[in-house]
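Participant: coordinates only, sequence not included:
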């Protein structure tokens with residue numbers, strides 16, 4: 001029976017859902033979470049890549065490609081998590097130059113039961129168009145963008161997000177076989193809304209932790225945290241954040257993101273944020289272990 005299976009699932013998850021949904025991110029001391037939760041799997045997504053025709057996806061600067069920068073930082077982040085947080089399994093959406101379609105990236109995250117999705121990107125501004133002699137349009141590079149930006153999914157693609165939640169969260173065989181989500185069923189609506197609310201709050205919390213580290217520790221300029229409809233985040237059934245590490249068409253940011261020191265600093269920032277997030281959702285000791 002559909003309702004019976006749903007009721008069984010809801011009863012089993014009610015305590016954890018209520019506590020996680022009411023997670024207070026304004027003060028860690030007020031945090032209420034399910035005591036059994038452990039952050040076990042982090043998905044690291046290096047944005048874009050090289051297509052089969054040899055062209056590179058993503059933005060480019062004077063001498064570098066977004067696809068190469070994101071992969072370099074992603075591989076460094078993987079190594080840092082494995083070293084500093086060995087209890088966490090790191091899942092990579094790509095480890096080579098080859099591009100991976102955004103849907104496949106989300107599939108990798110969901111199939112591996114990811115609990116935190118970090119997508120790495122480089123920002124860029126389009127050319128400005130000005131009028132020259134005789135009204136001729138002239139394209140002029142806009143290099144005014146500078147600093148980081150954190151993106152969190154805003155729930156517009158409801159069906160996609162719900163499909164991802166079903167894939168990643170609901171493992172009960174009877175539930176899968178006999179109680180598929182019915183958009184008009186009250187139990188289904190309550191359950192999905194609880195997960196979506198939990199993911200939104202946790203995504204915003206992690207994004208703000210990363211942003212605070214960039215600004216307060218590294219002294220980077222930041223455009224803050226924004227909610228935006230991003231496909232790869234929409235299809236990932238877990239807390240998800242897209243990190244714009246800097247503007248690749250800004251000479252200073254491009255140099256920073258291509259340097260060893262810059263990449264290492266970005267990775268160190270993400271590691272500090274992951275440790276803080278891990279402590280908060282697990283209520284563990286200050287070392288984050």
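Facilitator: Arrived safely. Because the structure is predicted, anything quoted here is derived from the model rather than measured. Numbering: from 1, shown residues only.
Participant: what segments of the stretch 51-200 of the chain are helices?
Facilitator: 66-84, 102-111, 158-169, 173-178, 186-212 (DSSP state H, counting those that start in this stretch).
Participant: rank these by pLDDT, which is bottom?
Facilitator: In terms of mean pLDDT, the lowest-scoring of these is helix 173-178 (a mean of 39).
Participant: how about the nearest residue to residue 152, chain neighbours excluded?
Facilitator: Excluding its sequence neighbours, the residue lying closest to residue 152 (C-beta to C-beta, 6 or more residues apart in numbering) is residue 203, at 4.5 Å. Using the backbone N, CA and C atoms, a C-beta is placed for each residue, glycine as well.
Participant: ok, that neighbour - how many residues close by?
Facilitator: 25 (other C-beta atoms under 10 Å).
Participant: thought it was touching residue 153?
Facilitator: Yes: Residue 203 lies in contact with residue 153 (C-beta atoms under 8 Å); the separation is 6.8 Å.
Participant: distance check, the residue nearest to residue 152 against residue 121.
Facilitator: Look at residue 203 and residue 121: by C-beta to C-beta, to the nearest Å, they are 16 Å apart.
Participant: against residue 223, how distant is residue 123?
Facilitator: Distance of residue 123 to residue 223, given as C-beta to C-beta: 9 Å.
Participant: same deal with residue 58?
Facilitator: Per C-beta to C-beta, residue 58 is found 19 Å from residue 223.
Participant: so for the helix or strand harbouring residue 253, mean pLDDT?
Facilitator: For residue 253, the host element (DSSP states H and E) is helix 251-258. Average pLDDT, helix 251-258: 98.
Participant: in the stretch 1-150 of the chain, which spans are strands?
Facilitator: Taking DSSP state E, counting those that start in this stretch to define them, one finds strands in the stretch 1-150 of the chain at 41-46, 89-92, 116-123, 128-131, 137-140, 148-153.
Participant: tell me which of those strands sits nearest to residue 77.
Facilitator: When the strands of the stretch 1-150 of the chain are compared by C-beta to C-beta, strand 41-46 sits nearest residue 77, at 5.4 Å.
Participant: list the contacts of that closest one.
Facilitator: By C-beta atoms under 8 Å, 6 or more residues apart in numbering, the residues outside strand 41-46 that reach it are 67, 70-71, 73-75, 77-78, 81, 88-94, 105, 108-109, 112-120, 232, 236, 238, 274.
Participant: next, the contact list for the closest residue to residue 67 other than its chain neighbours, please.
Facilitator: Nearest in space to residue 67, with sequence neighbours left out and distances taken as C-beta to C-beta, 6+ apart, is residue 48 at 4.2 Å. By C-beta under 8 Å, 6+ apart, the residues touching residue 48 are 56, 57, 58, 66, 67, 70, 99, 121.
Participant: same question, residue 265
Facilitator: Counting by C-beta under 8 Å, 6+ apart, residue 265 touches residue 218.
Participant: may I ask which helix or strand encompasses it?
Facilitator: helix 260-282.
Participant: which elements pack onto the helix holding residue 253?
Facilitator: helix 66-84, strand 240-247, helix 260-282 (3 or more C-beta pairs under 8 Å, 6 or more residues apart in numbering; DSSP states H and E).
Participant: closest to residue 52 out of the ones you listed?
Facilitator: Among the helices and strands packed on helix 251-258, the nearest to residue 52 by C-beta to C-beta is helix 66-84 (13.6 Å).
Participant: the closest one vs strand 240-247, what angle?
Facilitator: Here the directions of helix 66-84 and strand 240-247 differ by 120 degrees (axes from the mean of the first three to the mean of the last three C-alpha atoms, to 10 degrees).
Participant: can you list the low-confidence ranges for the protein?
Facilitator: Applying pLDDT under 70 to the chain flags the ranges 1-36, 155-195, 284-289.
Participant: the helices and strands packed on helix 251-258: which one's closest to residue 137?
Facilitator: Residue 137 sits nearest to strand 240-247 of all the helices and strands packed on helix 251-258, at 23.5 Å, using C-beta to C-beta.
Participant: need the overlap of contacts for residue 203 and residue 153.
Facilitator: Common neighbours of residue 203 and residue 153, using C-beta under 8 Å, 6+ apart, are 233, 240.
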